[in-house]
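A.B. asks: Show me the folded form of this:
(2 chains)
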Number of protein chains: 2
Amino acid sequence: MRIAQIAPLFESVPPKGYGGTERVVSYLTEALVAMGHDVTLYASGDSETSARLVSACECGLRLDPRRPDWMVWHTLMLDRLFAAANSYDVIHFHVDTLHFPLARRCPRPCVTTLHGRLDLPDLQPLYHHFHEQPLVSISDSQRRPLPDAHWLATVHHGLPRELYRFREEAQSYFAFVGRVSPEKRVDRAIDIAVGCGTPLRIAAKVDDADRAYFEQVIRPRLEHPLVSFIGEIDERAKDEFIGRAQALLFPIDWPEPFGLVMIEAFACGTPVISFPGGSVPEVLEHGVTGFIVDDIQEAVSAARRIGELDRRRCREEFERRFTSDLMAQRYLDVYAGLCDGVRKAA
Amino acid sequence: MRIAQIAPLFESVPPKGYGGTERVVSYLTEALVAMGHDVTLYASGDSETSARLVSACECGLRLDPRRPDWMVWHTLMLDRLFAAANSYDVIHFHVDTLHFPLARRCPRPCVTTLHGRLDLPDLQPLYHHFHEQPLVSISDSQRRPLPDAHWLATVHHGLPRELYRFREEAQSYFAFVGRVSPEKRVDRAIDIAVGCGTPLRIAAKVDDADRAYFEQVIRPRLEHPLVSFIGEIDERAKDEFIGRAQALLFPIDWPEPFGLVMIEAFACGTPVISFPGGSVPEVLEHGVTGFIVDDIQEAVSAARRIGELDRRRCREEFERRFTSDLMAQRYLDVYAGLCDGVRKAA
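C.D. replies: I've put the predicted structure just below:
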C-alpha cells in the first residue's frame, strides 16, 4: 500500500527529546515499512526513517534558534503533499486540523489521528463543519466530548517490542517522568513517595510556560531528602530509569488523551500508580498493570502493595496490547476500510 | 463586480479599538459598496458594514474572553469561502498567507494584500513556492525584501474623506499615537518634545508583550512635566487629539509597512515629523507634509520650524493621494487586470 504519513514539524521524527506525537508517528512509520508497505513520511529534514522522507523544513521547529514561523512551514508541507496526493493510496495526518479544507477537496482517502485533548469549546463547530472528515482517536475517552464526529476507530499507541527491556527486579524507588506542569501533578507524586517513605526520582522537563509554577510550587518541595530531580532524560536513559523503578507514579489531574509513558512502563515490567483521568482506565488494568486511586491516602496504600503485582504480567500486557506492530495493523485496517469506501463510491 | 473581501478575525471590521488591517478593509469595503459594487465581507460577526456580511465567528477574537483558537476560526472561514468561490468575480484576501494552498487550487481570481513586514527569513521560501499568487503591497518599501514575488501593484492605504476634520489652527502640543513598543520609539518622541520645550501628549496602547518595556523604559520618563500619557483612544477622540496638535511625532525605528497614522494626521492638516524607516519617504513629502529627520537634534530643529509648513497643504495632499475612494479605484484596476487575465486564459 502507498501510504503518506504527515507529521507535525515541531520536532524531528523521532524527536531528539520530548515530543509524543512525532514519536508515535516514527513507530508507526517504521512498523509499516517493516511490513512491506511503501511509506512516504512528510516531516522535518533532520528526521530519521526507513520510509521515503519528504523534508518539509530543515530541522524540528521547536529547537530551531531562528524561531521559524510554524504556519509557514506547515503551509508549505501541506501544499507539496496535496500536489502529490495521487501518488498515495491513503494519506494519514497527525497535524491536528490544519489540512481539513484541503483534505475535503482531495480525491484520495485522507484520515486524521487526533493527538490532543478535545474538550475545548472551539472544537465543536470545527468538527461539526468538517463532519465528513474521517478521524481516529487515541483512546475512547479522548473522543467523548465530540461523540458525533466521524470516528472510524480508536487506535491505542504502541511501541517497538524491543525498545524497552523487561527487568524482573526493581530497585527501591518510584519514578516520575514527564513535564512539570500543574495537570501532571508532580506534587502528588511527592506526597505519595513521602507517605510511603520510598525515594522518588523525577525525570522531567520544565517548559517556559511552566517555569513560574515550577519555581513557586515544585522547587521548594524538591528539598525533601527522599526526592531527587534529574531534569530531562533521553530515550536510552529512560529504559533504565523507568525499568529499575518499583512503580511509575502517574498521578495526573486532566483528561489525558493517551499517556505514552504508561505503556513505556509496562514494556519495562514496571507497574503504574495513576489517578483516573482520561484514558487511564482504558490503558491501565487495576490490580494487574498497576493501581488506579482516587486520593493520596489510597495511592500510598497502593504504593505499599506494589510488590504484589507481577512485573512479568505488565510486560505481557504490553506485548498483547501495546506494540507498534499491533498499532500498525489497526491502522492498516482503517486504511483498508477507507480504500474500500472509495472503490465502492467510484 | 462581485467582490469578496476576506478580513482577519482578530478584530471586528472596523475594529472597536486598535487594529490597522481590519480598519483598512472596512474603508475599502465601504468605498467599493458606495461605487455600486456587490461586495461580500468575510469577517467577525460583530463587524458593521454596508456590504453583505458573512459572519465567520461571533466577535473579534482578540478581545473575546473565551480565548478562542484563531486557527480554528480562520480555517472555518476559508473553507466556507472557497465553497462559495464561484459566486465572486474576484476574491481579495487580507489574512496573510494562510489561504495560499487553497487559492492556488481555486478557479476564480484571487489576490492578496500583505499588511505586515516582509523582511523575515521564513518568507523567502514561502513566496518562492507560491510564486504565482498575485500580491499587492501597501508600500514599495514593504516589498523590497521579496523582489521576485508576483507583485501586481502597490496600493497605499486610504481613509474616508470626511473621517477626519481639517483644522486650520493648532494648539501648542505634539501628539504621539500608536503602540508603546521598542520599534515605535516613544522615547524619541519624548526627547524631541523636551528638546523643544513643547508639551507632548501620548495616546498609546500597551500590549502584554510590551508591558515590561513600558514599565522599565517608558514609565519613568512619563514623569517629565511636559509629558502626559492618556492611554488608548478611539477614532472620534483621535480626530481632535491629532487635529489640534502642531505636529504628529512618528519617530519609528523599524521598516514600517505603511503607517496609517501619518495619513490620519494629513487628513487633519497636521504635519508629521518622522525618521526614514520603511514607507515613510513614500508617504511623507519632506518640507511639505512634514519633515524626515535622522537624529534627535535634527528632529528638534524640524519641530521648531513646524509652523512654517502649511496645514492646508497637508490636507490637500491627503485628498490628492490618500482617500479611500482612491484606494478603492486602484484595487478595482487590480481586479480588472486579474479578470482580464482569466478571460484571456479561458
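
A.B. asks: where along the stretch 1-150 of chain A do the helices fall?
C.D. replies: Assigned by DSSP state H, counting those that start in this stretch, the stretch 1-150 of chain A shows helices spanning A:20-34, A:70-83, A:100-103, A:123-129, A:140-143.

A.B. asks: May I have the fourth one exported as PDB, CA atoms only?
C.D. replies: Translated: helix A:123-129. The C-alpha trace of helix A:123-129 is given here as PDB (Å, rounded to 0.1, in the frame of the first residue of the first chain):
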ATOM      1  CA  LEU A 123     -13.700  22.300  18.500                       C
ATOM      2  CA  GLN A 124     -17.500  21.600  18.400                       C
ATOM      3  CA  PRO A 125     -18.200  24.000  15.500                       C
ATOM      4  CA  LEU A 126     -15.000  22.900  13.700                       C
ATOM      5  CA  TYR A 127     -15.800  19.200  13.700                       C
ATOM      6  CA  HIS A 128     -19.400  19.900  13.000                       C
ATOM      7  CA  HIS A 129     -18.400  21.800   9.900                       C
END
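
A.B. asks: quick revisit: of the helices of the stretch 1-150 of chain A, which is nearest residue B:52?
C.D. replies: helix A:123-129 (20.2 Å; C-beta to C-beta). C-betas here are computed from N, CA, C, even on glycine.

A.B. asks: Any part of the closest one near chain B?
C.D. replies: Yes. Judged by C-beta under 8 Å from any C-beta of the partner chain, helix A:123-129 comes into contact with chain B through A:123, A:125, A:126, A:129.

A.B. asks: most surrounded residue in those residues?
C.D. replies: When neighbours are counted by other C-beta atoms under 10 Å in any protein chain shown, residue A:126 leads these with 21 neighbours.

A.B. asks: Now for residue A:305: which residues touch it?
C.D. replies: Residues near residue A:305 by C-beta atoms under 8 Å, 6 or more residues apart in numbering or on different chains: residue A:291.

A.B. asks: where does it land on pLDDT?
C.D. replies: Residue A:305 is assigned 96 on the pLDDT scale.

A.B. asks: Report how many residues lie close to residue A:52.
C.D. replies: Residue A:52: 12 neighbours (other C-beta under 10 Å).

A.B. asks: That one against residue A:42, yeah?
C.D. replies: No. Between residue A:52 and residue A:42 there is no contact under C-beta atoms under 8 Å: 9.8 Å.

A.B. asks: Return the set of buried residues in stretch A:175-187.
C.D. replies: For stretch A:175-187, a neighbour-count test (16 or more other C-beta atoms under 10 Å in any protein chain shown) marks A:175, A:176, A:177, A:178, A:179, A:180, A:181, A:184, A:185, A:186, A:187 as buried.

A.B. asks: if we can go back for a sec, for the helices of the stretch 1-150 of chain A, which one sits closest to residue B:8?
C.D. replies: helix A:70-83 (13.2 Å).

A.B. asks: Going along the chain, name the strands of the stretch 1-150 of chain A.
C.D. replies: Here the stretch 1-150 of chain A has its strands, by DSSP state E, counting those that start in this stretch, at A:2-6, A:38-43, A:52-55, A:90-93, A:110-113, A:135-137.

A.B. asks: now the stretch 201-346 of chain A
C.D. replies: According to DSSP E, counting those that start in this stretch, the stretch 201-346 of chain A carries its strands in the segments A:227-229, A:247-250, A:272-274, A:290-292.

A.B. asks: Sheet partners, orientation included, of the longest one?
C.D. replies: Pairing partners of strand A:247-250, with direction, according to DSSP bridges: strand A:174-179 (parallel), strand A:272-274 (parallel).

A.B. asks: Save the ones you listed as TSV, and put in distance to residue B:272 and mean pLDDT too.
C.D. replies: Shown next, in TSV, are the strands paired with strand A:247-250 (distance: least, C-beta to C-beta, whole Å; pLDDT from 0 to 100):
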stretch	distance to residue B:272	mean pLDDT
strand A:174-179	50	94
strand A:272-274	63	98
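
A.B. asks: Throw the ones you listed into JSON lines and include distance to residue B:142, thanks.
C.D. replies: JSON lines is the format used below for those (distance: least, C-beta to C-beta, whole Å):
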{"stretch": "strand A:174-179", "distance to residue B:142": "40"}
{"stretch": "strand A:272-274", "distance to residue B:142": "54"}
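
A.B. asks: so who does the closest residue to residue A:197 other than its chain neighbours touch?
C.D. replies: Of all residues not flanking residue A:197 in the chain, residue A:226 sits nearest, at 7.2 Å (C-beta to C-beta, 6 or more residues apart in numbering or on different chains). Applying C-beta under 8 Å, 6+ apart, one finds that residue A:226 lies in contact with A:193, A:194, A:197, A:198, A:199, A:200.

A.B. asks: got the contact list for the nearest residue in space to residue A:26 that is not next to it in sequence?
C.D. replies: With sequence-adjacent residues excluded and distances taken as C-beta to C-beta, 6+ apart, residue A:26 is closest to residue A:14, at 3.8 Å. Residues near residue A:14 by C-beta under 8 Å, 6+ apart: A:22, A:23, A:26, A:27, A:47, A:48, A:235.

A.B. asks: Mind picking the two most distant members of those residues?
C.D. replies: Across the contacts of residue A:14, the longest distance by C-beta to C-beta is 15.0 Å; it joins A:47 and A:235.

A.B. asks: Comparing those two, which residue is more hemmed in?
C.D. replies: Each of residue A:47 and residue A:235 has its neighbours counted (other C-beta under 10 Å); residue A:47 has more, 26 against 14.

A.B. asks: got a list of what the more buried one touches?
C.D. replies: Each residue near residue A:47 by C-beta under 8 Å, 6+ apart is listed here: A:7, A:12, A:13, A:14, A:26, A:41, A:53, A:55.

A.B. asks: Give me the distance between the residue nearest to it when sequence neighbours are not counted and chain B.
C.D. replies: In space, not counting the residues next to it along the chain, residue A:47 is nearest to residue A:13; the distance is 4.0 Å by C-beta to C-beta, 6+ apart. From residue A:13 over to chain B the distance is 20 Å, taken as C-beta to the nearest C-beta, to the nearest Å.

A.B. asks: Pull the contacting residues for residue A:13.
C.D. replies: Each residue near residue A:13 by C-beta under 8 Å, 6+ apart is listed here: A:7, A:22, A:23, A:25, A:26, A:29, A:41, A:43, A:44, A:47, A:48, A:49.

A.B. asks: follow-up on the earlier one: any chance of the helices of the stretch 1-150 of chain A in CSV, with mean pLDDT too?
C.D. replies: Formatted as CSV, the helices of the stretch 1-150 of chain A follow (pLDDT from 0 to 100):
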stretch, mean pLDDT
helix A:20-34, 97
helix A:70-83, 96
helix A:100-103, 97
helix A:123-129, 93
helix A:140-143, 97
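
A.B. asks: Include distance to residue A:313 when you put those helices into a markdown table, please.
C.D. replies: Below are the helices of the stretch 1-150 of chain A laid out as a markdown table (distance: least, C-beta to C-beta, whole Å):
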| stretch | distance to residue A:313 |
| --- | --- |
| helix A:20-34 | 23 |
| helix A:70-83 | 42 |
| helix A:100-103 | 42 |
| helix A:123-129 | 37 |
| helix A:140-143 | 23 |
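
A.B. asks: For residue B:91, which of these is the nearest?
C.D. replies: Of all these, helix A:100-103 comes closest under C-beta to C-beta, at 14.1 Å.

A.B. asks: other SSEs contacting that closest one?
C.D. replies: Contacts defined by 3 or more C-beta pairs under 8 Å, 6 or more residues apart in numbering or on different chains; DSSP states H and E place helix A:100-103 against strand A:110-113, helix B:70-83, helix B:100-103.
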